[in-house]
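In: Quick one: sequence and predicted model below, then my questions.
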Amino acid sequence: MKTKSFLELSDVKAIAAAAEAEALKNNWAVTIAISDDAGHLLWLQRLDGAAALSSHIAPAKAHTAAMGRRESKVYEDIINGGRTAFLTAPAVQGLLEGGVPIVKDGQVIGAVGVSGVKSNEDAQIAKAGIAALGL
């Protein structure tokens, strides 16, 4: 049997603070979502000025990155590459760049999803948040 790390509230707060700082530094109004390894929402933060829809998209991106064990951009690229049948995959949403898994010791322990600006900027914010853990 293996031992697995998991996100504690202090980790989630550190990720959220670093992601918020990255967004504010760039004047980006976004929603930041953090999930556990099963895609269950642990944190949702909608910054001032972020579109209401982003509060639905960010958690979906985090869910996809956690459950898929890879960045949500992978799925966006698959679909844009012509494999549109992937859209029928069950219980998969947030198939846009901006969902990034949190990996410790080779295991996904959660994910960050961001929505509100360009997709690559969403991913930049998510990665800045994860970097706060020093993994």
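Out: Yes, it's here.
In: use CA for all of it now, contacts and neighbours both
Out: Will do.
In: Where do the strands of this protein begin and end?
Out: With strands called from DSSP state E, the chain shows them at 31-36, 41-46, 99-104, 107-115.
In: and those as TSV, adding mean pLDDT, mean neighbour count and distance to residue 8?
Out: Below are these laid out as TSV (pLDDT from 0 to 100; neighbours: other C-alpha atoms under 10 Å; distance: least, C-alpha to C-alpha, whole Å):
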stretch	mean pLDDT	mean neighbour count	distance to residue 8
strand 31-36	98	30	10
strand 41-46	98	18	10
strand 99-104	97	28	13
strand 107-115	98	29	10
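In: how about those strands, which one is nearest residue 20?
Out: strand 31-36 (7.7 Å; C-alpha to C-alpha).
In: picking that back up, can you put the strands of the chain in TSV and add distance to residue 88?
Out: Formatted as TSV, these follow (distance: least, C-alpha to C-alpha, whole Å):
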stretch	distance to residue 88
strand 31-36	23
strand 41-46	23
strand 99-104	19
strand 107-115	21
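In: Those: which one's closest to residue 4?
Out: Per C-alpha to C-alpha, nearest to residue 4 of the strands of the chain: strand 107-115, 7.7 Å.
In: And the contacts of the closest one?
Out: The contact list for strand 107-115 (C-alpha atoms under 8 Å, 6 or more residues apart in numbering) reads 4-7, 30-39, 54-55, 57-63, 65-66, 69, 98-103, 122-123, 125-127, 129-130.
In: Let's see that with 7 Å instead.
Out: Residues outside strand 107-115 that contact it (C-alpha atoms under 7 Å, 6 or more residues apart in numbering): 5-7, 30-37, 54, 57-59, 61-62, 65-66, 69, 98-103, 122-123, 126.
In: Listing partners with orientation, what would you give for it?
Out: strand 31-36 (antiparallel), strand 99-104 (antiparallel) (DSSP bridges).
In: what's the burial count for residue 74?
Out: By other C-alpha atoms under 10 Å, 16 other residues sit near residue 74.
In: Excluding covalently adjacent residues, which one is nearest to it?
Out: Counting by C-alpha to C-alpha, 6 or more residues apart in numbering, residue 74 lies nearest to residue 97, which is 7.8 Å off, once chain neighbours are set aside.
In: Since that was my last question, I'll sign off now.
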